[in-house]
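**Student:** What follows is a predicted structure for the sequence shown.
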Amino acid sequence: MSLTSGAELPSKKYLNLAAVKKLVAVAEAEAEKANVSVTICIMDDSANILFLQKGDKASISTLEWAQRKARHAALNGSPSKNAADTVKAGHVEALAFPFFFPNQGGLPIKVDGQLIGSIAISGGPSAVDEAIGQAAIDALLK
């Protein structure tokens, strides 16, 4: 079967530059309100880095942590906190899963049930990291 027009091709939402800038602006503002210096990582749905920024006072290790949290959320379509909960429940075999990262702060970004990317925050307490990322997603999707 051949396609007769481009109209027959599926369309896909994605994180464009404007969306990334909105996510970053909100995350930076939320981090400032929470008085934490964080690293922000945004990935597309294939876990390609679209944005990575370390806060001035954030630990150098947050660069790696944020990427791992974001990769988990992008490739598993679930918050990285779910991975932490899985390990806390005693399912340590899950640590063998590729791109599994059990640390709160990485969130998938979904539109109409479709995964379009992820955001992860690292540098504050885990619950604060996740709250910053969730505020950014909420602002983007409102």
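**Tutor:** Sure thing, it's come through. Remember, predicted model here, so these are calculated numbers, not experimental data. Numbering: from 1, shown residues only.

**Student:** To what extent is Gly123 buried, counted in neighbours?
**Tutor:** 24 (other Cβ atoms under 10 Å). (Glycine included, C-beta is placed from N, CA and C.)

**Student:** can you check Leu15 too?
**Tutor:** When neighbours are defined as other Cβ under 10 Å, Leu15 has 22 of them.

**Student:** So it, which state does it fall into?
**Tutor:** coil (DSSP: H, G, I helix; E, B strand; the rest coil).

**Student:** Setting the sequence-adjacent residues aside, check what's closest to it.
**Tutor:** Gly117 (4.5 Å; Cβ to Cβ, 6 or more residues apart in numbering).

**Student:** so that neighbour sits right up against Ile109, yeah?
**Tutor:** Yes - counting by Cβ atoms under 8 Å, Gly117 touches Ile109, with 4.7 Å between them.

**Student:** Are there residues contacting both of those two? Which ones?
**Tutor:** Both Gly117 and Ile109 are contacted by Leu15, under the criterion Cβ atoms under 8 Å, 6 or more residues apart in numbering.

**Student:** which regions of the chain sit below the pLDDT cut-off?
**Tutor:** 1-4 (pLDDT under 70).

**Student:** State which strand of it is the longest.
**Tutor:** For the chain, the strand with the greatest residue count under DSSP state E is strand 114-122.

**Student:** Determine the set of other helices and strands touching that strand.
**Tutor:** Here strand 114-122 touches helix 17-33, strand 39-44, helix 62-76, strand 106-111, helix 126-141, going by 3 or more Cβ pairs under 8 Å, 6 or more residues apart in numbering; DSSP states H and E.

**Student:** who's in contact with the spatially most central residue of the chain?
**Tutor:** Note on the chain: the residue nearest the mean C-alpha position is Ile119, at 2.1 Å, using Cα atoms, centre = their mean. By Cβ under 8 Å, 6+ apart, the contact set of Ile119 is 23, 27, 40-43, 70, 73, 106-107, 109, 133, 136-137.

**Student:** let's see 10 Å
**Tutor:** Ile119 is in contact with 15, 20, 23-24, 26-27, 40-43, 50-51, 66, 69-70, 73-74, 105-109, 130, 132-134, 136-137, 140, counting by Cβ atoms under 10 Å, 6 or more residues apart in numbering.
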